[in-house]
Structures are given as structure tokens and as C-alpha cells.
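# Following is a predicted model, sequence given first.
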2 protein chains.
Amino acid sequence: MTKEEVKGANEAEQQAQSKKALKKQQKEAEKAAKKAEKQAKLAAEQQSTEEDDFAKDRYGVSPMVQSQQKLDRVLVRIQELTPKKADQLIWVRARIHTSRAKGKQCFLVLRQQQFNVQALVAVGDCASKQMVKFAANITKESIVDVEAMVRTVDQKIESCSQQDVELHVERIFVISQAEPRLPLQLEDAVRPEGEGDEQDGRATVNQDTKLDNRVIDLRTTTSQAIFRLQSGVCQLFRDTLTNKGFVEIQTPKIISAASEGGANVFTVSYFKTSAYLAQSPQLYKQMCICADFDKVFCVGPVFRAEDSNTHRHLTEFVGLDIEMAFNYHYHEVIDSITDTMVQIFKGLRDRFQTEIQTVNKQFPSEPFKFLEPTLRLEYKEGVAMLRAAGVEMGDEDDLSTPNEKLLGRLVKEKYDTDFYVLDKYPLSVRPFYTMPDPNNPKYSNSYDMFMRGEEILSGAQRIHDAQLLTERAQHHNIDLEKIKSYIDSFRYGAPPHAGGGIGLERVTMLYLGLHNVRQTSMFPRDPKRLTP
Amino acid sequence: MTKEEVKGANEAEQQAQSKKALKKQQKEAEKAAKKAEKQAKLAAEQQSTEEDDFAKDRYGVSPMVQSQQKLDRVLVRIQELTPKKADQLIWVRARIHTSRAKGKQCFLVLRQQQFNVQALVAVGDCASKQMVKFAANITKESIVDVEAMVRTVDQKIESCSQQDVELHVERIFVISQAEPRLPLQLEDAVRPEGEGDEQDGRATVNQDTKLDNRVIDLRTTTSQAIFRLQSGVCQLFRDTLTNKGFVEIQTPKIISAASEGGANVFTVSYFKTSAYLAQSPQLYKQMCICADFDKVFCVGPVFRAEDSNTHRHLTEFVGLDIEMAFNYHYHEVIDSITDTMVQIFKGLRDRFQTEIQTVNKQFPSEPFKFLEPTLRLEYKEGVAMLRAAGVEMGDEDDLSTPNEKLLGRLVKEKYDTDFYVLDKYPLSVRPFYTMPDPNNPKYSNSYDMFMRGEEILSGAQRIHDAQLLTERAQHHNIDLEKIKSYIDSFRYGAPPHAGGGIGLERVTMLYLGLHNVRQTSMFPRDPKRLTP
């Protein structure tokens, strides 16, 4: 937040800033700070009513961490809890994943992201009866600071990621308390589809409940793995292109004219006028090519006001966009893009194997297969394969979603790849700025790329000649006045160029073999969902 | 563009797809392809009217590159044209930067981004009189393919980046023709401020003209340097944080409630309802912390509907956002952020020296200075320094822009740094979610960071306790119903955390010592500018 924004947002408050109001505000803050401390005392006092508690300083609810002090204490990561740390006294901060009291002891599972470890609070030298009771009563998902001795175990603890050690708790303090009733149980949310069964009480959680309570759903091992891998997709995309000499650009999302013909665009109130949300960075990345940046990429949100409620449509998603000047043939660009995709696939395979396997536990799928060099088929060949499989379609018909998937299966059978390029689409099904095929005007220098039979990229050689572009826009009934600055970009020397836009969420979904793009969008937006 | 969008956009077209319309379309494409070829022939024919031209196959206007063929020809980069390439016959594609005819020869300067080289077309074995004339008439900014012999020169060519060689042109073909009248001259656009003088005809270009013709303005050495360096800022930001174990996240820009109190927010029509454009990823990155991602960053657009027409305000800019759980004190987070900034400064200094010097030629500035560790002052100390310099202000007054700049100068004088942190702002000038100072409720655990006396980051420890957050929101008169899902995020265990948001364009501007944020936004948006 910039200071200016705070000023704006706080207008109401500024009026209230008489001395009186100020004092009230100060008191509130003091009150809040003290309240947490009181809570801590209270918890301790309640325990000691029953009998004198020798361990009373060893547990409790900590005051809210308000940066009161700089502690030198080292907090160990659960991931690092291995036999190497055996017989060391360590501190760890973690969530209570599960808790099970049993006589004079309480077994906790402590969790940090995808890692967890068993912890034991047992009546003894360090822990009193009251302390065990206190530990047993800490609500699931609360965050605790625990001091404990690391001990190796005789038998592997199969249910935990740290199977060779457990923690013998000597102190336990609650840092942040979770409300007792969770809107969903993490173990239900990661249960493989089909394994849930109401009769045996093993529930699953439906997607809307997960998304409504996304902050909890994102804590599951599956979600953690999905989004850590997605972070890797972005990094691999950018690193590969940076190594190839591409420059990252930032393009505006608020634009003055709906560039792509006016359908499916969100309108924004813009001071005294109105504007639109960009459906793609298409026009801007092309302008960057005309401005001599030669090879550019950008990663950012794109917006589609489509009332589509399917497994693969979002109204806002993240576009990984590429645009590149080429010398003589747009296949130079296809080769750059497919190589980038291959680098992503390899990087994921080599660096995110744990994440892939974690997701596979809940959503089993075949490993993602790809060829080097990438398979490139012409649209005509695709149509021929479909026809041979019994599909009836014209030469220039677009691919329907079922046919797209069917073609994916046919390609997989014949070539054993989950990734391929379909080249030379019919001109009539592509946007106005697509370069026609020089040899057959029915076709165009355009291509889609597919993962597991679903489209993840659409691209083409673009028309870099202002006059031909004008003719094609007119042919598409596009208002020339509205795309004037776009067309004018090509009047002062423009290199031949091509590019494409990739949907990040689709790449993650299809690489992992998931079935809904909402699983790979942290806070998905569709016609029916705007929250959280 | 996804296929689905094309479908929507092309609805009008689909109706026109009777066989008749289709034929017309095919003819058009054929016509366009042939037109370019005709042009080429015509140009050659015109030349040969005068006399027979022995060089007529060595120059002309090439047909539009429509990917007709895959040429094996290697195009050399101008940057690589050094004496090592002497006496080699090479091909190069470049823009005509300048052109000067002189008797039987024509001197061209060929440009690729920030690199340029002199080229000579002279009547002789390879070039005819007609060919020299043709070369002399090629419009500036046109793109040409040139075959030439690389020759070393006796005297350095001071006006070019490649000073030790020139090209002796043997063939020259126009790939893309620029219109004869350019809306601005590149040499005018890079003239240092103050050097332009109407009397001696050396014009400068005002900012609106530059921005109106951004595609040409971005071709200047200054613009190329600015945006290549900005690309570096993003890369250094992400690489540093990735190395520190941060995860990149993607947060929605379309949100259901104006999170920050409702002022300065753009409204979007969202199907049958309305929504807002996010003023920051604040709430979402905090939710990611509550969802156990521990340390997150994101790079993306943020939107501010402020009617501010200043040198440093944009209605859309790129936010570099950080959020991080900490153990005991929010200074852990300040240290992470300042270290990230220092890594950026060092990376720019070490890897972008050419770009920095290029920008300095047009906009001179002192090298950017920073300390290790970063200087951290308390707000109180800042106020005391200002008072000592004669400024009258209350303890809890916010810093005005002039006072911010003055303080920057005072800090520079005393500590010799252009980068510092101001810590512990008065609570009353910060957003509702800011954690109050545990020791003095007038103040808060919040901070700004400054470069050359201007704010580039605002951040704080956030309140991670739902109850205190509710109280503070109420105090700020914020409708609790609208931020319910935000507050609810803290009910199920939330670690203490802090973060901040950095304005990318401001970092680039202030690092380079520029004076307007529009210089560091490729396609800036302000209340008066929505195009290009």
C-alpha cells in the first residue's frame, strides 16, 4: 500500500482524529496487547486450580506475537528432523495436524507444509498431568512452539514424512489458536476420489467446499505440491526464455478498445469514461517487436468475459506469452516455443518429482510423455486421422473439444507423446491478424499446441504489413478507428514475427493429469465465483 | 487467443462463410501476397528505364516475408561485427538508422537495438549507379537485409557502436518499408534535456509526443536500456527470493470487495453483478501465509483509481510483492526485504553498466549509493531530523512528499546512502491491518523504504489475530461483511507475518535517477492516458 492510498482509504478516519478519538484508539491497542497476556495467565491459572502443577511454566497460550522481543532461539524445520539430530533438544514451530490422547500420554502429529513428525507429551520429569491434558486439548490446525528432545524410533512411523524420529515434548506453547470446528478436514480433502464412502464414515470434500475454504484447502499436501510445481512452471518458462535472449515486458491490462472484435470483454469504469480489461497482451507484445525488442515474453493475468462453466475455463487466468521476430520462416518461432515447453517438462520431471508423486497419490495419472524434437502435424493430417477414426468434418471446420481430445488419443497411440503441435489451421477460424499461408489461401501460418489432448497454446505468424492488416480487419468487420494505434505500429518498419499465449493453469493441470482448472488456480474466477 | 475466444469474436464472420464469401477471402489473400512481389518487380523495372543495370538483381524490395521458404542464410548480429570478422562476406538484417548520399556513394548507419554500424554502398563492381540511388532512397527506420564485406577502418567511427569496422554493401533488399514521414526523430528523442534549441534546429521531443508514438520512442537507445534494465529488476527480485525459499504465487485481480476501504478503486462489470480491480495483492498473499506457503512473492499489475497527475503516480503499475511468516520479530522480514533490494542494486550495478551509462548520457545522475547492512531509522528520528532542519510537524503527522524528499537529502548528507528504511510509523496513518507497536500504541510495526528520497515500498507486520483485526477494521469504519473471507482466514491458526509491496516503475526510475514514472512504464496509464 502506498502512503497515498492509505490517505484515501483513511478519509473517514482522518475526520475522527480528534484527540478524544485518538486516545480511544490507543486504549484499544493497549487492551488488545494485554488481552493475549491475560489469556495466557488464565490458562495457566485454570490448570493450577486442581492441584499444584510443577510443569506450569512449561506450557500455555503465548501472548500474541507482536514483535515484543528478538529471541535468539533457533527454530528447526521439520524436514530436517532426521536421526542426525538424535538426542538434541530443539525448538520447532508447527501446526497440530492430529492429536490423540491415551492415558498419561498424548500423541501429536506436527506439520509444516508437506512434512510432519510425531510428537509425544507424556507424564514424567518434564510434563505434568495438567500439561498432557493441555496438549491434548489444543485444537487441530493451531500453531505451537514446541521444545523437544529428538529420539530415534525402533519402528518406522509410516504415517509421517519423518519416519525415523519422534519428538519428546518438554515445553509446548500455543502461538495461534484455531477455532475448534474446522470447515473441512485436511485428511478428507486429500482422500483419493472414489475412496470416500459415507457408510464407513470416510468423507471426501466437494470442490465448492474446498474453494470456499481455500485457505485451509491450500494447506493439504496435494495443494502444496500443485502450487509449488506451478511456481516452478513460471520459473522454468522465464529462465529458458531469458537464456534464449528474450526480454521480459509488462503490458497494460486496462485498455481503451476491445482489441479482439469486442466479444467476451469486461468493461471497467475509468474516471469519466470506460475502458476494457485486456483479453491478451497480444497487441502490446507485437508493438514491442515493432519497437525492436526482438524477442519478448510476459507473465500476467488475462481476462475473458465468457459465460463458460466448463472444467477448463476461467474468467481470469495467467497467460505465459511469447512474441519473437524471425528471419524467414515462422517455424523458427515454433521451434523456440516447443523447446521452451520441453525445458519446462524436463525441469518439472527432474526437480519436482516429490510434488508429482504427492499429487498422484490423490489423483493417479500416467507420467507425462513428450518427444524430442516435438511432433508437428499439419491440420490436414489431424483431420485425416479423425476421419479415419470415423469423424465427419469439413476441411475448414474448427476442432470441437471432443474431437480435440480424440485426436490427442489417436496421436498418443500412434506417436506415444502427450505433447504435439498442430500447424496450418484454416484461415477462417483464426483471428484477423493471422498471416495467410503463402501457398494455400484457405490455410494460415498458425498453430495450436496440445497437452494430453487439450489446447494449451494458440499462436501464429502475425501480419506485419499495415496494408494487409487493414484489409483483414475490414474483412472481419472490425472498427478500424479502434485499432488505429495497433495498425499504425506497423507503418514504420516491422520485422516478420510470430508468437503465442500459454494458459498457465492448463499447463499445470494437464501436466499433472488433473481434471479441473480450478485445482490449479489458487483463487479461481469463473462466472459464478468471485470469492474468496 | 484460445479457440473459444476466436469463436466469439468471429461470430459476424461465421455468418459470412458462405462459399461465395470464402472465395472472396481467398482472392484477397492471394492479392496481398502477389502485391508485394509486384512492388519488387516495379522497383527494379523503374531503375532499368534509364539504362541497362548490371546490378539489378542485387537490390530491391523483397516480397513480404510470409514464410515462403526456409533459408539457410545466417544473419549476423551487428554487435558481433568486430575486426574478427574482417574480410568476411556476411548477411545482416537491420534498420536504416540514417542515410547520407554523396556523389557515387551512399553512407548508411544500420541499427539493431542499441548497436549500429556504418555501411557503404558505392558504385563499383557490385553496385551500379541505380543501386546507390535505390539505397539512398530507402526511408529511415525501414528494415533491410544486407549482404556485405566486413572491412576494418583506419580511423575509429565515433558515431557508431561498432567503431572498428564498416560494411561494404554488395546486396540490399528492403524487408519492411517505413513511411517516409516519421512522427518523431530518434535522434531528437534521445537529446539530453536542455541541449535542444530551436534556433540551431536541434529539437527535443516532449513526453506526450513520445508516449503517443511509443513504438518508435521505445526504439531509442535510452528506452532500450531502461526496459532491458527493468527486465533485470524483475529477474533479480525473483531469483533472490527463490534462493531464499520463497514461492511465487498468482493472485486474482478481479475481486468482489474493495478491500482497502473502498476509495480509489476501479469498478468492473462482472456478468450480472459488479466487481473491483485489486489495489494490491495484500489480502491474497496474506491468505497464502495462512495457507502455509510460509514465504511468498508475486509480480503483477495493481490498479489505483486515483485522479493524481503527478510525476510518480500511475493508475496501473507493476507491484513486486512480498509476504513472509516470521518467528518472533518483524525485523526478520525487513532484513529479508532490504537484502533483496541490495541484491537487486548489486545485480544492476554489475550486470547492467552499459544500460546505466546509456541512460546517463541523456539523463545524467549520480551513481546510486547503498549501505550494507541497510540503514534503518525510526520515524521519530526522521521527524527529529526534519525539525532540526526547520520543518514544523507533529509526532504523528504523516510525511508530505516535499518532507519525504527533504529527509532523503538529509539522510544522504549524514549517512551517504540513497536507500534506507523508515521504521515504526504512527499507527494512525497506516491501514487497519497494521500491527500496533507493543510498547507504544501511538506507533505501529510498519515501515517504508526510500530510494533517492522517494517511497518505493510500504509494508508492515500484519495483524494475524481475527479478533484484533475485527476491532481495528471496525475502528476504521470498514464494513465487516465485505472482508469476511479475509478475516476468516485468520481463524484457523495464522503465523505472525509481515511483508510489503514495491512499485517496479518507481524502482527503475529512482535507481536510474529519472524524473517521471512514465519513462519507466512501457505503456503508461494515468487519468488522462489510456492509449496506446
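Right, received. Where do you want to start? Numbering: from 1, shown residues only, chains lettered A, B, ... in the order given.
# where in chain A is pLDDT low?
Counting by pLDDT under 70, the low-confidence segments of chain A come to A:1-30, A:32-33, A:36, A:40-51, A:194-201, A:258-262.
# Can you pull the domain assignment for it?
For chain A, the domain assignment from the TED database gives the residue ranges A:60-176, A:222-520.
# Go ahead and measure how far the last one is from the middle of the chain.
It refers to domain A:222-520. Taking the mean of its C-alpha atoms, domain A:222-520 sits 19 Å from the chain's own mean (Cα atoms, centre = their mean, to the nearest Å).
# For residue A:99, which non-adjacent residue is spatially closest?
Spatially, and ignoring its direct neighbours in sequence, residue A:99 is nearest to residue A:108 (5.2 Å; Cβ to Cβ, 6 or more residues apart in numbering or on different chains). All C-beta spots, glycine's among them, are computed from the backbone N, C-alpha and C.
# And for that neighbour, the neighbour number?
Summarising burial for residue A:108: neighbours were counted as other Cβ atoms under 10 Å in any protein chain shown, giving 28.
# Remind me what the helix or strand harbouring it packs against, helices and strands.
Residue A:108 is part of strand A:105-112, with elements assigned from DSSP states H and E. Contacts defined by 3 or more Cβ pairs under 8 Å, 6 or more residues apart in numbering or on different chains; DSSP states H and E place strand A:105-112 against strand A:89-102, strand A:115-122, helix A:129-137.
# For the stretch 201-350 of chain A, just list every one of the strands.
Using DSSP state E, counting those that start in this stretch, the strands assigned to the stretch 201-350 of chain A run over residues A:247-248, A:254-255, A:267-270, A:273-277, A:295-303, A:316-325.
# Columns distance to residue B:469 on top of the helices and strands packed on strand A:105-112, output as CSV?
Output for these, formatted as CSV (distance: least, Cβ to Cβ, whole Å):
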stretch, distance to residue B:469
strand A:89-102, 20
strand A:115-122, 28
helix A:129-137, 25
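# and residue A:91, what is it in contact with?
A:73, A:74, A:75, A:76, A:145, A:146, A:147 (Cβ atoms under 8 Å, 6 or more residues apart in numbering or on different chains).
# restrict the residues you listed to contacts with chain B.
A:73, A:75 (Cβ under 8 Å from any Cβ of the partner chain).
# Among the contacts of residue A:91, which pair sits farthest apart?
For those, the farthest-apart pair by Cβ to Cβ is A:74 and A:146; their separation is 13.3 Å.
# More neighbours: which of these two?
Taking other Cβ under 10 Å, residue A:74 and residue A:146 do not tie; residue A:146 has more neighbours (24 against 9).
# thought that one was touching residue A:110?
Yes. If you go by Cβ atoms under 8 Å, residue A:146 and residue A:110 touch, sitting 6.7 Å apart.
# shared neighbours of the two, which are they?
Common neighbours of residue A:146 and residue A:110, counting by Cβ under 8 Å, 6+ apart, are A:92, A:94, A:119, A:167.
# what's around the first one, how many residues?
If you count neighbours by other Cβ under 10 Å, residue A:92 ends up with 23.
# Quick check: it vs residue A:175, distance?
Between residue A:92 and residue A:175 the distance is 11 Å, computed by Cβ to Cβ, to the nearest Å.
# Need the overlap of contacts for those two.
Counting by Cβ under 8 Å, 6+ apart, the shared contacts of residue A:92 and residue A:175 are residue A:145.
# most packed of the helices and strands packed on strand A:105-112?
With neighbours defined by mean count of other Cβ atoms under 10 Å in any protein chain shown, none of these is more surrounded on average than strand A:115-122, at a mean of 23.
# Name the surrounding residues that touch that strand.
In contact with strand A:115-122 (Cβ under 8 Å, 6+ apart) are residues A:77-79, A:81, A:92, A:94, A:97, A:104-110, A:127, A:131-132, A:135-136, A:146, A:148, A:157, A:159-162, A:165-169, A:172.
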